[in-house]
Structures are given as structure tokens and as C-alpha cells.
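Enquirer: Requesting a structural model of the entry that follows:
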Amino acid sequence: MPIGPRVSRFAPACVALLAFAAGWACGVPSDPPALDENDLETVAVGQPADSILRPEEDEQEQRAPEVAVRGRIPGAFPDGFPVPDASTVVDFGDVATEEGEPVTAEYVGLLLPLGAPAAREWLLREAQAAGWRATLGESMTFSRGDEWVEVAIEPGATPGNSAARFEYAKP
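Expert: Coordinates of the predicted model:
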């Protein structure tokens, strides 16, 4: 065992820490120097471009017109025949005929946003208001001049909906 004063093994680290703290305290000024207003550069700034509201120059959003029927109804569908808003085209094509005979009619299948009884009432009311004569049976047949539309409506897969098949003369 050595004889003499004992020195802690952490003493060199403590001395280094004290030296760092003293150096840092001397290097950081206590108060920042005061700025002289005459030393600042003055720049003239104009009015911001967006500070004046000019509605006629404002770019307006252009939305497509709201589509009453989702999907595209074939072009041969009779003009002016009513279809409930929010209906969806689910099928269309030529009405099947016996082999060798020319196709004389087309059909379009629609999913209607009304239950079957409500859809029948709506269609009867709106078609007659548009000048179509109705003949009722298992399906409804509407005629106006040389045009005709036969409509069969069945309950849809979900409550409040119905499926309709519209058959009409092919031009």
C-alpha cells in the first residue's frame, strides 16, 4: 500500500469539467450589443398580390352537371320518357328474337331507387304527365304516337329498390 495523499480517480475529469465551464462562461457575452437603427437597410415593399379581392378574376370551380341517371342509357331510348333520378343502368342490349328474324326491339335494365309499388306509381304518373298513354297488366305498356315502351318492374335485392326492364322499338 502506497504512503501519501490519496487522489480520487475522478479528479482529472472534475478538473476538465471545471475548465470547460469556465471557458464557456467567458466566451458567451452576457448582453447582446445594441443595434443602431441607421445600420439597417430599408427596402420599399409593394402591396401583396392577394391583398385585393377581385371576384371577376377569381378562378371558379367548374363542376360537371349532376347526372340524374348513373350509366349511359342507349341512344334509341325514347326521348321524353321519364326515368327516376338516381337510377342506375345495369344492363342493355337487343331483345332476343327467333333465329333468323331481324332485331326490332332493344332493352335497358335499370336499378330504381324506389320500391316496386312506388316505382310503378311514379312511372305511371310521370309518363302520363309527359304525354304517354298507359296500358296496365303484368307489365305496363306506354305509347305515344309511333313510339312504345314496355316496362316490367320487380322488387330489388335491397329494400327500397326495384329492378326495371324497359323494352322499346329499335329505330
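Enquirer: wait, L123 sits on L110?
Expert: No - taking CB atoms under 8 Å as the definition, L123 is not a contact partner of L110, at 10.7 Å. Any C-beta I mention is one placed from the backbone N, CA and C, and that applies to glycine too.
Enquirer: joint contacts of these two?
Expert: When contacts are counted by CB atoms under 8 Å, 6 or more residues apart in numbering, L123 and L110 are jointly contacted by A164.
Enquirer: Now do the phi/psi pair for S87.
Expert: In this entry, S87 is assigned phi and psi values of phi -80, psi 160 (degrees, to the nearest 10).
Enquirer: I'd like to know how far it sits from D58.
Expert: Relative to D58, S87 is positioned 36 Å away (criterion: CB to CB, to the nearest Å).
Enquirer: Among those two, which residue is more densely surrounded?
Expert: Neighbour comparison, S87 and D58: the larger count goes to S87, with 22 against 7 (by other CB atoms under 10 Å).
Enquirer: who's in contact with the more buried one?
Expert: For S87, the contact set (CB under 8 Å, 6+ apart) comprises 68-70, 110-113.
Enquirer: Turn those residues into JSON lines, including distance to Q128, neighbour count and pLDDT.
Expert: Compiled in JSON lines, the contacts of S87 are given as follows (distance: CB to CB, whole Å; neighbours: other CB atoms under 10 Å; pLDDT from 0 to 100):
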{"residue": "A68", "distance to Q128": "20", "neighbour count": "10", "pLDDT": "68"}
{"residue": "V69", "distance to Q128": "20", "neighbour count": "15", "pLDDT": "71"}
{"residue": "R70", "distance to Q128": "25", "neighbour count": "13", "pLDDT": "74"}
{"residue": "L110", "distance to Q128": "19", "neighbour count": "25", "pLDDT": "93"}
{"residue": "L111", "distance to Q128": "23", "neighbour count": "19", "pLDDT": "93"}
{"residue": "L112", "distance to Q128": "18", "neighbour count": "24", "pLDDT": "93"}
{"residue": "P113", "distance to Q128": "21", "neighbour count": "16", "pLDDT": "92"}
